[in-house]
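>>> sequence plus predicted model, see below.
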Amino acid sequence: MKVLAFAASSSQNSINKQLVNYTAKQIENAQVELLDINDYEMPLFSEDREKALGQPEIAKAFYQKLGEAEMIVISFAEHNGSYTAAYKNLFDWTSRINMKVFQNKPVIMLATSPGPGGAGSVLASAVGSAHFFAADVKGSVSVPNFYDNFDVEKGELTNPSLVEKIQSVINQL
């Protein structure tokens, strides 16, 4: 199974990148491609820029990557209760190519943060709107207190309850 995994964060040391990488590797027989959204940086979306630039090739390339995948795993970073500006901009440009951004692919949505909220606000927003963008959400997991529940050196989740939740979502595939 061809799995596209990425963190909706532009941080090079993203804890969401660590979580999405761990989760994607738990999927049996998966050929995982870990994408870095920094490779898809574009000018801030606006209708005026869209009129001037058309559809940027980078947005088309991201949309094509989503289309080539058999499933998608995303981990959302939360900035002030919402999406990161980097992800929101990429998503906005891509949605102008086709509103069905996720192309009816099975999607696992994750989120984490260093604090007890586990980026739950952005995860709820992503899951709540996913059907508008043709995402077949198989499940979602919020990981609170990342550094208490994840061994950064080993690259693995250590909390048995959270490991079970992620495995349960994977089993929905």
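Here it is on my side, so go on.

>>> which residues are contacting stretch 119-127?
16, 74, 76-78, 81-83, 109-113, 137, 140, 142, 144 (CB atoms under 8 Å, 6 or more residues apart in numbering). C-beta here means a position set from N, CA and C on the backbone, and glycine is covered the same way.

>>> from the residues you listed, list just the buried residues.
For the contacts of stretch 119-127, a neighbour count by 16 or more other CB atoms under 10 Å gives the buried set as 16, 74, 76-78, 83, 109-113, 137, 140, 142, 144.

>>> OK, contacts around the residue most central in space within the chain?
Central residue check for the chain by CA atoms, centre = their mean: the C-alpha nearest the mean position is that of residue 74, 2.1 Å away. When contacts are counted by CB under 8 Å, 6+ apart, residue 74 is found next to 5, 6, 7, 8, 20, 107, 108, 109, 110, 126.

>>> repeat that with 7 Å
Going by CB atoms under 7 Å, 6 or more residues apart in numbering, residue 74 touches 6, 8, 20, 107, 109, 110.

>>> coming back round to it: among the buried ones among the contacts of stretch 119-127, which are in strands?
When DSSP state E defines the strands, the subset of the buried ones among the contacts of stretch 119-127 inside them is 74, 76, 109, 110, 111, 112, 137, 140, 142.
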